[in-house]
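Novice: here is my input, please return the structure:
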Amino acid sequence: MKPANQASFPVRDYDLAASLASGQAFRWRQVGEVWEGIIAGCWVRLRQAGELIEAETAVPQADWLWLRNFLQLDVDLAAVTATFPDDEPMRASVAACRGLRLLRQEPWECLVSFICSSTKQIVQIQQIIALLCERFGEPITAGDKGECGFAFPSAARLAACTEADLRSCKMGFRAPYVRAAAEAVVSGELDLTKLHGFSTPAARAALMGLHGVGRKIADCVLLFAYGKQDAFPVDVWVRRALTELYFPRRRPSAKRLEHFANTHFGPNAGYAQQYLFHYVRTLRPKE
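Specialist: Take a look at the predicted model:
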């Protein structure tokens with residue numbers, strides 16, 4: 001019988017490394033064969049051994065539903081990818097990124113993370129989020145030797161920060177946007193819990209009511225925190241993927257690309273977007 005702080009999950013068609021390192025979440029670090037991160041204030045170490053994911057936490061767990069949900073272990077990935085358009089770019093993306101999953105993140109952390117992502121590379125976003133947590137997050141037990149980690153700071157904690165406090169975390173011009181988002185959540189102007197029940201256009205409009213949150217950031221939050229598959233974030237990498245893979249000899253307008261993204265990829269368009277993003281950014285053979 002496993003200790004209460006350890007669990008094993010049988011998986012099929014799951015690539016843990018690709019899922020954690022594909023630009024969805026920014027609090028994971030690889031240490032040898034394992035991945036260490038913090039989910040909803042709980043430190044966890046993950047390791048994949050074939051068709052098994054092994055998890056270990058610093059404190060005992062009454063149940064592991066929080067981790068199953070974050071990792072989306074119960075998604076039938078074959079059924080998802082079967083809905084993708086049967087074209088050469090998608091086939092190549094699925095073949096190269098086999099087992100890539102969308103994660104299901106906590107909305108507040110996801111929102112702040114993607115506000116901080118604007119014009120930043122993944123490693124820079126990770127540095128910003130690490131500093132934000134170390135300076136303003138609640139301390140938690142981490143590791144197997146009683147080390148200290150930090151939970152993601154609450155909206156109330158960040159609303160109490162000055163802009164200078166936030167800029168000290170290397171987020172630059174994004175600092176007032178993070179503070180404004182925190183104030184909106186604390187005041188009730190934006191209720192992140194209610195967005196689950198909103199249509200995608202309504203939820204997008206609510207998020208875009210925040211200063212510094214445009215269509216791309218809003219769609220990232222809708223996809224990675226709320227699982228809204230009709231959200232299709234288009235950043236520089238996805239724009240490059242769409243242009244190079246689907247319009248190789250043309251220069252489509254932004255409106256043309258948006259229409260194509262909204263109509264071509266089927267009911268799991270958000271999933272398809274992540275495959276295209278990861279494929280073009282890291283895996284596609286250079287010509």
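
Novice: local confidence estimate at residue 287?
Specialist: With respect to pLDDT, residue 287 scores 49.

Novice: go on, residue 253?
Specialist: 88.

Novice: what about it, neighbour count?
Specialist: Using other CB atoms under 10 Å, residue 253 has 9 other residues around it. To be clear about C-beta, it is placed using only N, CA and C from the backbone, and glycine gets the same treatment.

Novice: sec struct for residue 45, please.
Specialist: strand (DSSP: H, G, I helix; E, B strand; the rest coil).

Novice: from residue 242, how far off is it?
Specialist: In this structure, residue 45 and residue 242 are 37 Å apart, going by CB to CB, to the nearest Å.

Novice: and for residue 227?
Specialist: 22 Å.

Novice: which of those two has more residues huddled nearby?
Specialist: Set residue 227 next to residue 242 and count neighbours by other CB under 10 Å: residue 242 wins out with 23 against 17.

Novice: and the helix or strand that that one is a member of, what's buried?
Specialist: Under the criterion DSSP states H and E, the helix or strand holding residue 242 is helix 236-246. Using 16 or more other CB atoms under 10 Å as the test for burial, helix 236-246 gives 237, 238, 239, 241, 242, 245, 246.

Novice: hmm, the first one is touching residue 277, no?
Specialist: Yes: if you go by CB atoms under 8 Å, residue 237 and residue 277 touch, sitting 5.3 Å apart.

Novice: now tabulate the buried residues of helix 236-246 in TSV and tack on distance to residue 160 and pLDDT.
Specialist: Shown next, in TSV, are the buried residues of helix 236-246 (distance: CB to CB, whole Å; pLDDT from 0 to 100):
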residue	distance to residue 160	pLDDT
237	35	86
238	35	90
239	37	90
241	40	90
242	41	93
245	46	91
246	46	94
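
Novice: between the residues you listed, which is closest to residue 207?
Specialist: Nearest to residue 207 among the buried residues of helix 236-246: residue 238, at 18.3 Å, using CB to CB.

Novice: enumerate every residue touching the spatially closest residue to the closest one that is not a sequence neighbour.
Specialist: Spatial nearest neighbour of residue 238, excluding adjacent residues (CB to CB, 6 or more residues apart in numbering): residue 277 at 5.3 Å. Residue 277 is in contact with 22, 23, 235, 237, 238, 241, counting by CB atoms under 8 Å, 6 or more residues apart in numbering.

Novice: mind running it again at 7 Å?
Specialist: Taking CB atoms under 7 Å, 6 or more residues apart in numbering, we find residue 277 in contact with 23, 237, 238, 241.
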